Structure formats: C-alpha cells, structure tokens
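*Asks:* Here is my input, please return the structure:
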Amino acid sequence: MKTRGPGIAGNPVLIGAATVLVVLVAVFLAYNANRGLPFVPTYELKAEVPSAANLVVGNDVRIGGSRVGFVGDIAARRRDDGTTVALLTLTLEKSVAPLPRDSTLIVRPRSALGLKYVEITRGGDARGYADGSTIPLSAATPAPVEFDEVLSMFDEDTRNAAAENTTGFGDAFAGRGESINTAIGAFRPLLRDIIPVAQNLSSPDTQLGRFFRELGDAAAIVAPAAEAQAELFVNLDTTFGALREVARPFIQDSITGGVPALDTAIRTFPIQRPFLRNTELLFRELGPGAAALRTSAPTMADALEAGTRVLPRTPPFNRRLASVLEELQTFAEDPMVPRGLRSTTTALRSLKPTLAYLEPAQTVCNYASLWFRNVSSLLSEGDTQGTWQRFIIVATPQGPNNEGGPSSAPADGPTRENHLHTNPYPNTAAPGQPRECEAANEPYVAGQTIIGNSAGRQQATTESTP
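*Replies:* Numbering: from 1, shown residues only. Alright, predicted model coming up:
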C-alpha cells in the first residue's frame, strides 16, 4: 500500500507564506480603511469651501453625525474674481446619491486638538448633484470659526480686564446681601410692567428690526466723521474744564435767573415777532447796500468830511429854498400840470424808438461829440474883427456823369478817378444794423463805383473826443 505525502497543513513553508499573505492583506485593508474598501462603488463630488485649514486627506464626511465618506483630495482653485478657495474631492457612499442641490456643508472641528471633518446638511430639493459635479462656494455656509480664533480674543489685556471686573464685582457684592435682596424684591413690579413693553417691541407692527437697521445705516454714515467727533469731545472736555472755574457763582446765577428770563421771553416774543420779521426784511434789503459799502466807504468818508464844512451853511440855504419849494407846491397843485405831464409822457414815449435808433450813434460811435469838436475848430481862427470859416475847394473829377453837374447815371469811369462813392445811410450800430461805425471808417476803393454800405465789417469805434 502506497502512503500519502504530507499536505499543506504539514508544510511549514506554505503555512508561513499563507500567514504573511493574510497579514499583508489585513494591513492593506487597515491602511485604506478611511479611503473605503476596494472594489466598492462610490459617489464622488467636488466642493468649494472658503478655507481647508487643518483639514487633511482622509478626514470624515458626515451627514447627521454618521460617516458617509471621506475627503479624497484637497486643492486650491482661483476664482474668476481673483479670490482663492479650497476645492475638496469628497468620496461618498452610493446611498448618498443624489445629494440635493440645496444642501449645505461646513468644515467643523472634531476635537480640541485640531482634527476636522466635513459636515453636510442634506436639503430637500428634488434636483440632485450628478456624480463628479461641484458644490459651489455659496453652499459652504456659515463660515467656520476656528477654536484658536475663539481663544485668541482672550489676549492679555482682555484677561487683565476680566480679572479686574471679577474683583470689582466681588467688592461690589461683598457685605450687600440685604440690599441685593431688597433690590430683587423691587424687581417684581418692573418685571410685571416690562411684559407688555416686550410684547409691543416684539410685535411686527413696531418694526424694531428696521429701527436697528436704520441705526446701522446711520452709524455707517457718521463713521467717516469718527475722528472729528472724537476731537469734538476732547475739545468739549477742555471747554468744560475751563467752565469749572466759573461754575460758582456765575453759571449758577445764570441758571437760577434763566427761568424768569425764559418766562418773560415766552410772554414777549409773540409781541416782538412782527418787529423781528420787519427787521429781518430790512436787513435783507440792506444786504446789497452793505456789500457796496466795502468799495464806496472811502468815497463816503471823503463826502462826510466835506459835509462837516458844508453843513453849517445849510440853514441859510434852507431858508432861501423855502420859497422855491412853495412855488413847487403851487405848481404841483395846478390842475393843468397833470395834463402837461401826460402830454410830455406821450411825447417822450413817441420819441423813444427814434432815440433808441440814434443812441448808438453817440454811445458807440461818438459822432455828436466829434461834430461839435469839428464845428468849434471850423470857427476857431480869425482876427480882431472876428473869426472866419475855414474851407478847402475839392474839385470834382472830369468825365461823363461826374459830380460837377447834373448827370443821367452814377459816374462810372472811364477814368480811374471818375467814380461815384456815396453812402447816404451809413451803419451807426443802430438796432437792426451790424455793430460798426461805418461813417468816418469807410474805405475808399479807387476805380470802382460804390453806392450804399461798404463791403465787409468796419470797426465799431471812431476817434474819441478828449
């Protein structure tokens, strides 16, 4: 009979190899336990979060406190607006799919040692994220607060202040137990009355939330003026410090006497109001005159200085003027005077268009002054028998239709001199005319007949009269 050789159980090498293989498989499974078991289907999403501080690959992803996956990868992503966020790759169980689109997530601390995990709050939207989709940054709310950020507010100054507050509260309550009991007993009416007040404040009709929003807007508006307000309070402290020196008896007496003064003002101000209104109107009308005084004050000072010499002579002049004023009164009471004034008014009104047409001839072109000056020069020479008129003979050019006699047409050549130049109505800057002084500024065009206004715009001034 042939004997059977030893099996695997009797082979130490095979047993050892099998044992090592089992240990390796166990170690591999244990190492990858946080990343999920191999060959198990998963549901993968990407999520944008503001910061992945202290979050590492392999941290849990939880829904309602239960682990449903892990963080497979962490990377940085630059957004279109220039900011940078953390992009997490979440490997989740298939049972989570599809995650509703209104779900939110937050990175939360798992312990005080800094271990983190991602908590997902599942929404109720019928639409869900497909496998491989990205959860936007807007779903990563609220912003997480780190434990070290909470502890960092207790800096040295804050700790010292807390210690001083604790000491102060202890000193304040020490030995005041009976007074505190009395105060607590007095709180009962306050609490009874505060209930309807709180109900009114909590009512939507009160719009208390809007009140605080408006307060926030007001604070934002005055924030740029914070430094100026701080300087104002510093200056007020300086002012009140100076007032402290005169507080007694001066300010005290003014406060004591202020009540009777205010009572008197209440009685008298309504009576004074018309006077004050008229005074305000008077000063408003005096405003332009007061502004003009700045330039006319030197002239007025000279006039007043001259008036001090003239004023003593005015009484005799006034006595002589009395008869003149009596005659003026008699003239004003004459019934024919109003009729004469009305006729004069009618005449002046009819002359107004003519004067308006002739006015620029003097105000712009200075023709009247130049005419009288030239007339005086015309008769300025003479002898012991008197003055005589100066003149010069201007000979007319020869040729057909020349100005030396009657003609059938305007002189128009053939010689260069035999041309008529006449302008019976030159422009004088009158209404409807160009602003030019054509007379005395007309150019002479040789070899060409010119009748009427000269071509082009002449200057708007003539020779001034000194």
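*Asks:* burial of the closest residue to residue 364 other than its chain neighbours, as a residue count?
*Replies:* Nearest-residue entry for residue 364: residue 429, 4.2 Å, with adjacent residues in sequence omitted and distances by Cβ to Cβ, 6 or more residues apart in numbering. Just so you know, the C-beta spots here come from the backbone N, C-alpha and C atoms, and that holds for glycine as well. Neighbour count for residue 429, taken as other Cβ atoms under 10 Å: 18.
*Asks:* Now residue 429: phi and psi?
*Replies:* Backbone torsions for residue 429, taken as degrees, to the nearest 10, come to phi 70, psi 20.
*Asks:* pLDDT score for it?
*Replies:* With respect to pLDDT, residue 429 has a value of 85.
*Asks:* Which strand residues bridge residue 121?
*Replies:* In this entry, residue 121 is beta-bridged to residue 104, by DSSP bridges.
*Asks:* Surely it touches residue 102?
*Replies:* No: counting by Cβ atoms under 8 Å, residue 121 stays clear of residue 102, with 9.5 Å between them.
*Asks:* Low-confidence bits of this protein, can you list those?
*Replies:* Along the chain, segments meeting pLDDT under 70 span 1-11, 13-18, 20, 22-40, 112-114, 142-150, 379-380, 465-466.
*Asks:* In it, mark out all the strands, start to finish.
*Replies:* Under the criterion DSSP state E, the chain contains strands at 42-49, 60-63, 66-78, 84-93, 104-109, 116-121, 134-135, 382-383, 386-387, 421-422, 450-451.
*Asks:* Given the third one, what are its sheet partners and their directions?
*Replies:* When pairs are called by DSSP bridges, strand 66-78 turns out to pair with strand 60-63 (antiparallel), strand 84-93 (antiparallel).
*Asks:* CSV please, covering the strands of the chain and showing distance to residue 368.
*Replies:* Output for the strands of the chain, formatted as CSV (distance: least, Cβ to Cβ, whole Å):
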stretch, distance to residue 368
strand 42-49, 92
strand 60-63, 107
strand 66-78, 87
strand 84-93, 88
strand 104-109, 96
strand 116-121, 101
strand 134-135, 95
strand 382-383, 25
strand 386-387, 22
strand 421-422, 23
strand 450-451, 26
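*Asks:* Switch these over to JSON lines; also include distance to residue 358 and mean neighbour count.
*Replies:* Compiled in JSON lines, the strands of the chain are given as follows (distance: least, Cβ to Cβ, whole Å; neighbours: other Cβ atoms under 10 Å):
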{"stretch": "strand 42-49", "distance to residue 358": "89", "mean neighbour count": "20"}
{"stretch": "strand 60-63", "distance to residue 358": "103", "mean neighbour count": "19"}
{"stretch": "strand 66-78", "distance to residue 358": "84", "mean neighbour count": "15"}
{"stretch": "strand 84-93", "distance to residue 358": "86", "mean neighbour count": "19"}
{"stretch": "strand 104-109", "distance to residue 358": "92", "mean neighbour count": "18"}
{"stretch": "strand 116-121", "distance to residue 358": "97", "mean neighbour count": "19"}
{"stretch": "strand 134-135", "distance to residue 358": "91", "mean neighbour count": "18"}
{"stretch": "strand 382-383", "distance to residue 358": "33", "mean neighbour count": "9"}
{"stretch": "strand 386-387", "distance to residue 358": "30", "mean neighbour count": "9"}
{"stretch": "strand 421-422", "distance to residue 358": "21", "mean neighbour count": "14"}
{"stretch": "strand 450-451", "distance to residue 358": "24", "mean neighbour count": "14"}
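*Asks:* Out of those, flag the one nearest residue 250.
*Replies:* The minimum distance between residue 250 and the strands of the chain falls on strand 104-109, with 65.7 Å, by Cβ to Cβ.
*Asks:* same for the closest one, what does it pack against?
*Replies:* For strand 104-109, the packing partners by 3 or more Cβ pairs under 8 Å, 6 or more residues apart in numbering; DSSP states H and E come out as strand 42-49, strand 116-121.
*Asks:* Can you add distance to residue 191 and give those strands back as TSV?
*Replies:* Shown next, in TSV, are those (distance: least, Cβ to Cβ, whole Å):
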stretch	distance to residue 191
strand 42-49	46
strand 116-121	39
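*Asks:* Out of these, which gets nearest to residue 77?
*Replies:* Nearest of those (Cβ to Cβ): strand 42-49, 6.7 Å.
*Asks:* What ranges does the stretch 51-200 of the chain have for its helices?
*Replies:* Ranges of helices in the stretch 51-200 of the chain, per DSSP state H, counting those that start in this stretch, are 147-152, 156-173, 177-202.
*Asks:* Save those as a markdown table, and put in distance to residue 292 and mean neighbour count too.
*Replies:* As requested, the helices of the stretch 51-200 of the chain are exported to a markdown table (distance: least, Cβ to Cβ, whole Å; neighbours: other Cβ under 10 Å):
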| stretch | distance to residue 292 | mean neighbour count |
| --- | --- | --- |
| helix 147-152 | 70 | 10 |
| helix 156-173 | 65 | 10 |
| helix 177-202 | 61 | 10 |
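*Asks:* would you list those in a markdown table and tack on distance to residue 373?
*Replies:* What follows is the helices of the stretch 51-200 of the chain, written out as a markdown table (distance: least, Cβ to Cβ, whole Å):
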| stretch | distance to residue 373 |
| --- | --- |
| helix 147-152 | 98 |
| helix 156-173 | 95 |
| helix 177-202 | 94 |
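*Asks:* nearest to residue 91, of those helices?
*Replies:* Distance to residue 91, taken as Cβ to Cβ, is lowest for helix 147-152 among the helices of the stretch 51-200 of the chain, at 26.5 Å.
*Asks:* so which of the helices and strands packed on strand 104-109 gets nearest residue 153?
*Replies:* The nearest among those, by Cβ to Cβ, is strand 116-121 at 20.8 Å.
*Asks:* any idea of the angle the closest one forms with strand 84-93?
*Replies:* Angle of strand 116-121 versus strand 84-93, following axes from the mean of the first three to the mean of the last three Cα atoms, to 10 degrees, is 70 degrees.
*Asks:* hmm, who's touching strand 116-121?
*Replies:* 47, 54-56, 59-63, 68, 71, 88, 90, 99, 103-110 (Cβ atoms under 8 Å, 6 or more residues apart in numbering).
*Asks:* what about it, distance to the chain center?
*Replies:* In terms of Cα atoms, centre = their mean, to the nearest Å, the centre of strand 116-121 is set 48 Å apart from its chain centre.
*Asks:* Give me the angle between that strand and strand 42-49.
*Replies:* With the same axes, to 10 degrees as the basis, strand 116-121 and strand 42-49 are set at 100 degrees to each other.
*Asks:* would you put the C-alpha positions of strand 116-121 in PDB?
*Replies:* Output of strand 116-121 as PDB, limited to C-alpha atoms (Å, rounded to 0.1, in the frame of the first residue of the first chain):
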ATOM      1  CA  LYS A 116     -11.600  68.300  11.300                       C
ATOM      2  CA  TYR A 117     -14.400  66.800   9.400                       C
ATOM      3  CA  VAL A 118     -16.800  67.900   6.700                       C
ATOM      4  CA  GLU A 119     -20.500  68.000   7.800                       C
ATOM      5  CA  ILE A 120     -23.200  68.000   5.100                       C
ATOM      6  CA  THR A 121     -26.700  69.200   5.900                       C
END
